[in-house]
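# Fold the following.
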Amino acid sequence: AALKKSAVAYMHPEVGVCSEDATLFGRNYFERASAPDVESMEEAEEKAKILAEAAALKHLARDYMHPEVGVKTTDPTLFGRNYFNRYSAPE
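Predicted coordinates:
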């Protein structure tokens, strides 16, 4: 029963988590109204880097979970000519 519950939770992340434990509802001291809204330049750059990496990982996860989509390329360097295996190549 626990394995089935874990499998359902893994395959359906849109369901969410339901909890009724009183110890889970603590006070958040970082997002309170009196907290300062100061972010340094280094923190902003690190945050942008982390969000870009998360977006790339999300894209890779989507490609992994849906192999039926296929790969689409528009790079002209991928359609090069092989001069070594052509019929008119001298032997």
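# in this protein, which spans are helices?
2-11, 41-65 (DSSP state H).
# Which one, of those helices, ends up nearest to Phe30?
Among the helices of the chain, helix 41-65 comes nearest to Phe30, with 13.0 Å by CB to CB. Using the backbone N, CA and C atoms, a C-beta is placed for each residue, glycine as well.
# Per-residue pLDDT of Arg86, please?
Note for Arg86: predicted pLDDT of 69.
# Glu46 too?
95.
# Distance check, it against Ser40.
According to CB to CB, to the nearest Å, Glu46 stands 9 Å off from Ser40.
# Of these two, which one has the most company?
Glu46 (11 against 8; other CB atoms under 10 Å).
# Could you pull up the residues touching the more buried one?
Shown here is Glu46, which makes no contacts under the criterion CB atoms under 8 Å, 6 or more residues apart in numbering.
# Give me the neighbour count for Ala56.
Counted with other CB under 10 Å, Ala56 comes out at 10.
# how about low-confidence regions in this protein?
35-36, 86, 88-91 (pLDDT under 70).
# switch to 50 and redo it
By pLDDT under 50, the chain has no low-scoring segment.
# Spatially central residue in it, please.
Centroid check for the chain by CA atoms, centre = their mean gives Lys58 as the closest residue, at 1.9 Å.
# check contacts around it.
So Lys58 contacts nothing (CB under 8 Å, 6+ apart).
# Relative to Glu53, how far out is Glu20?
35 Å.
# the more surrounded of these two?
For Glu20 versus Glu53, neighbours defined as other CB under 10 Å are more numerous around Glu53 (10 against 6).
# What distance do you get for that one to Val71?
21 Å.
# contacts for stretch 24-43?
Lys47.
# what distance separates that stretch from the centre of its chain?
25 Å (CA atoms, centre = their mean, to the nearest Å).
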